[in-house]
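A.B. asks: With the input below, show me the fold.
(one chain, ligands or ions: 1)
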Amino acid sequence: MPADVRLDLNSPDFVRDPYPELARAREATPAFWQQDRLFLTRYDDIARVLKDSRSFGRALSPLSRDELPVSELRVSELQDPRRAAFDAFNTNHMLDSEPPKHTRLRSLVGLAFTPRRVEGLRGRIEEMVQGVAAGLDGRGTFDLVRDYAEPLPVTVIAQLLGVPQEKRHNLRPWSAAIVRLYEVGPPDEVIAAAEQAVLDFSALLRRLLAERRKHPQDDLITALSQVQAEGERLSESELIDTCILLLNAGHEASVNGLSAGVLNLCRSGQWDEVARAARQNAPETFFRTLGEELLRFDTPLPLFERLVLQDAVVAGVPVRRGQKVALLYASGNRDPRKFEAPTELRLARDPNPHLTFGLGLHYCLGAPLARLELGISLRALSLAFPRLEVQDFAYSGGFVIRGLERLTVRAG
Ligand code: HEM
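C.D. replies: From the prediction side, this is the model:
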């Protein structure tokens with residue numbers, strides 16, 4: 001294994017465009033150690049880890065804390081009273097659970113968050129997107145992140161959950177505060193803001209839940225409170241923490257996927273072609289396929305980790321129980337061993353087995369909703385603005401939740 005491979009994950013240059021560095025790392029080696037984690041760079045190795053849930057898990061629970069390496073950040077974090085609510089939230093939702101708890105949570109939530117419920121949102125999403133696009137019409141220059149990509153997923157998830165209109169303005173700031181704590185080594189004010197956001201959001205959901213128990217509505221909070229399978233139900237805290245997870249997971253990546261997607265289409269000179277397809281009433285599959293390629297080409301959540309649950313060998317490297325493996329989804333998605341011409345954004349790439357929604361046990365539960373939103377948004381935006389010129393853009397914060405904070409475009 002070459003000793004000199006290192007990624008400077010926090011450098012602004014890397015966050016802005018990680019792909020040349022990732023390509024260098026991937027061609028130099030399938031795996032390298034950095035900060036006590038074994039980083040994997042190639043598609044097949046990442047996929048193998050994701051599919052092997054006996055050897056690799058997301059949660060800390062199957063391990064005794066004593067077995068974790070001394071540098072394991074979360075050992076001290078888990079005992080930190082400043083973030084007690086945040087940590088309780090993370091132990092209660094499916095993303096950080098393992099079987100059998102994960103199986104129970106995911107199947108109960110799946111009974112409420114059904115494909116039918118998602119498909120039922122289509123008309124509402126189309127209406128919302130057209131409304132947002134129409135509101136921008138006539139404004140020569142606008143910020144595509146703030147004015148277009150952000151409002152939609154937040155409104156959709158709020159609508160889905162059943163958060164009333166007058167409370168929705170809090171959702172985006174709460175979610176932003178919570179996800180900031182997933183970056184490595186957060187400062188005190190980030191910890192305090194995330195903790196407060198979890199407390200405030202939980203309080204709102206607890207109130208809504210009490211109301212829905214008295215007066216059921218056609219929304220996910222009501223449905224989650226009613227689901228039952230084989231005598232199992234969601235406890236109140238599981239239900240509340242599931243709703244917080246759905247809010248966070250359900251819009252951060254969608255905002256980033258859409259705005260980066262538009263940026264990449266403009267920069268590769270293909271926006272006009274998409275707009276032409278929209279004008280010619282291209283079938284839904286055109287926009288679905290396009291959405292998949294945008295999510296492969298520029299991966300909104302580029303890095304996830306797994307804990308080694310039992311000793312194993314990955315990419316030829318032995319790993320011990322308690323160690324961490326860092327999976328560079330963004331690198332796997334550009335691996336030439338898996339994708340032909342991976343640095344090209346090909347509108348009609350098919351098949352497209354990208355890693356953007358993960359694989360295996362924790363495969364994104366919201367993928368059908370994310371795909372629906374992205375396809376509808378791309379069609380509506382390209383119809384409303386057949387010519388778009390990028391004037392300026394900037395990425396925010398970190399690599400783990402990588403996204404544009406600003407994308408200024410001029411409509412021609
Ligand atoms: C472009 C948008 C999205 C991307 C890129 C994305 C990506 C992901 C990824 C990679 C995972 C697995 C994490 C891992 O491998 O450790 C995941 C899990 C999850 N996602 Fe998404 N997601 C998106 C949108 C959504 C939406 C819209 C929702 C819900 C409304 C959602 C809900 C979830 C949930 C609940 C999980 C946990 C599944 C489990 O642990 O079994 N996601 N997502």
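A.B. asks: State the number of residues packed around residue 213.
C.D. replies: Number of residues near residue 213 (other CB atoms under 10 Å) recorded here: 12. For glycine as for every other residue, the C-beta is placed from the backbone atoms N, C-alpha and C.
A.B. asks: for it, helix, strand, or coil?
C.D. replies: Residue 213 carries the three-state label helix when classified by DSSP: H, G, I helix; E, B strand; the rest coil.
A.B. asks: List the contacts of the closest residue to the ligand within the stretch 101-250 of the chain.
C.D. replies: Relative to the ligand, the nearest point of the stretch 101-250 of the chain is residue 250 (2.9 Å; CB to the nearest ligand atom). Residues near residue 250 by CB atoms under 8 Å, 6 or more residues apart in numbering: 153, 156-157, 160, 366, 369.
A.B. asks: go again using 6 Å as the cut-off
C.D. replies: 157, 366 (CB atoms under 6 Å, 6 or more residues apart in numbering).
A.B. asks: Contact residues of the stretch 1-150 of the chain facing the ligand?
C.D. replies: Taking CB under 6 Å from any ligand atom as the contact definition, the stretch 1-150 of the chain meets the ligand at 58, 94-95, 106.
A.B. asks: Tabulate the residues you listed (TSV), appending neighbour count.
C.D. replies: Shown next, in TSV, are these (neighbours: other CB atoms under 10 Å):
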residue	neighbour count
58	19
94	26
95	20
106	20
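A.B. asks: Could you give the separation of stretch 374-383 from the chain centroid?
C.D. replies: Here stretch 374-383 is found 20 Å from its chain centre; the criterion is CA atoms, centre = their mean, to the nearest Å.
A.B. asks: got the CA positions of that stretch in CSV?
C.D. replies: This file holds the C-alpha atoms of stretch 374-383, laid out as CSV (Å, rounded to 0.1, in the frame of the first residue of the first chain):
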residue,chain,number,x,y,z
LEU,A,374,-35.3,15.6,-8.9
GLY,A,375,-37.0,14.5,-12.2
ILE,A,376,-39.9,16.9,-11.8
SER,A,377,-37.6,19.8,-10.7
LEU,A,378,-35.3,19.4,-13.7
ARG,A,379,-38.1,19.3,-16.2
ALA,A,380,-39.8,22.4,-14.7
LEU,A,381,-36.7,24.4,-14.4
SER,A,382,-35.4,23.7,-17.9
LEU,A,383,-38.9,24.5,-19.3
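A.B. asks: Contacts made by that stretch with the rest, please.
C.D. replies: So stretch 374-383 is in contact with 125-126, 129-130, 133, 258, 274-275, 278, 287-288, 291, going by CB under 6 Å, 6+ apart.
A.B. asks: Stretch 166-179 too?
C.D. replies: For stretch 166-179, the surrounding residues in contact (CB under 6 Å, 6+ apart) are 154, 158, 193-194, 197, 201, 247-248, 252, 401.
A.B. asks: ok so, going back, from residue 285, how far out is the residue of the stretch 101-250 of the chain closest to the ligand?
C.D. replies: Residue 250 sits 24 Å away from residue 285, going by CB to CB, to the nearest Å.
A.B. asks: And for residue 56?
C.D. replies: 34 Å.
A.B. asks: Tell me the confidence at whatever residue of the chain ends up closest to the ligand?
C.D. replies: Distances between the chain and the ligand by CB to the nearest ligand atom are smallest at residue 366, namely 1.9 Å. Listed pLDDT for residue 366 reads 95.
A.B. asks: dump the residue contacts of it.
C.D. replies: By CB under 6 Å, 6+ apart, the residues touching residue 366 are residue 250.
A.B. asks: could you redo the last one with a cut-off of 8 Å?
C.D. replies: 113, 246, 249-250.
A.B. asks: Include secondary structure and distance to residue 328 when you put the residues you listed into TSV, please.
C.D. replies: As requested, those are exported to TSV (DSSP: H, G, I helix; E, B strand; the rest coil; distance: CB to CB, whole Å):
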residue	secondary structure	distance to residue 328
113	coil	29
246	helix	26
249	helix	20
250	coil	24
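A.B. asks: of all those, which two lie farthest apart?
C.D. replies: Pairwise distances across these (CB to CB) peak at 11.4 Å, for the pair 113 and 249.
A.B. asks: what is in contact with these two at once?
C.D. replies: 365-366.
A.B. asks: just for the stretch 101-250 of the chain, where's the confidence low?
C.D. replies: 184 (pLDDT under 70).
A.B. asks: just the strands in it please.
C.D. replies: Secondary structure of the stretch 101-250 of the chain (DSSP state E, counting those that start in this stretch): strands at 141-143.
A.B. asks: And the residue nearest the centre of the chain?
C.D. replies: residue 253 (3.8 Å; CA atoms, centre = their mean).
A.B. asks: wait, what's in contact with that one?
C.D. replies: Residue 253 touches 300-301, 370, 401, counting by CB under 8 Å, 6+ apart.
A.B. asks: Kindly reformat those residues as JSON lines containing distance to the ligand and pLDDT.
C.D. replies: Below are the contacts of residue 253 laid out as JSON lines (distance: CB to the nearest ligand atom, whole Å; pLDDT from 0 to 100):
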{"residue": "300", "distance to the ligand": "5", "pLDDT": "95"}
{"residue": "301", "distance to the ligand": "5", "pLDDT": "94"}
{"residue": "370", "distance to the ligand": "4", "pLDDT": "96"}
{"residue": "401", "distance to the ligand": "10", "pLDDT": "85"}
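A.B. asks: Helix or strand for residue 38, just tell me which one.
C.D. replies: strand 37-40 (DSSP states H and E).
A.B. asks: Which residues does that strand contact?
C.D. replies: 7, 25, 30-33, 46, 49, 305, 314-315, 317, 319, 323-328, 332.
A.B. asks: What strands line up against it, and which way round?
C.D. replies: Next to strand 37-40 in the sheet, as set by DSSP bridges, lie strand 31-34 (antiparallel), strand 324-328 (parallel).
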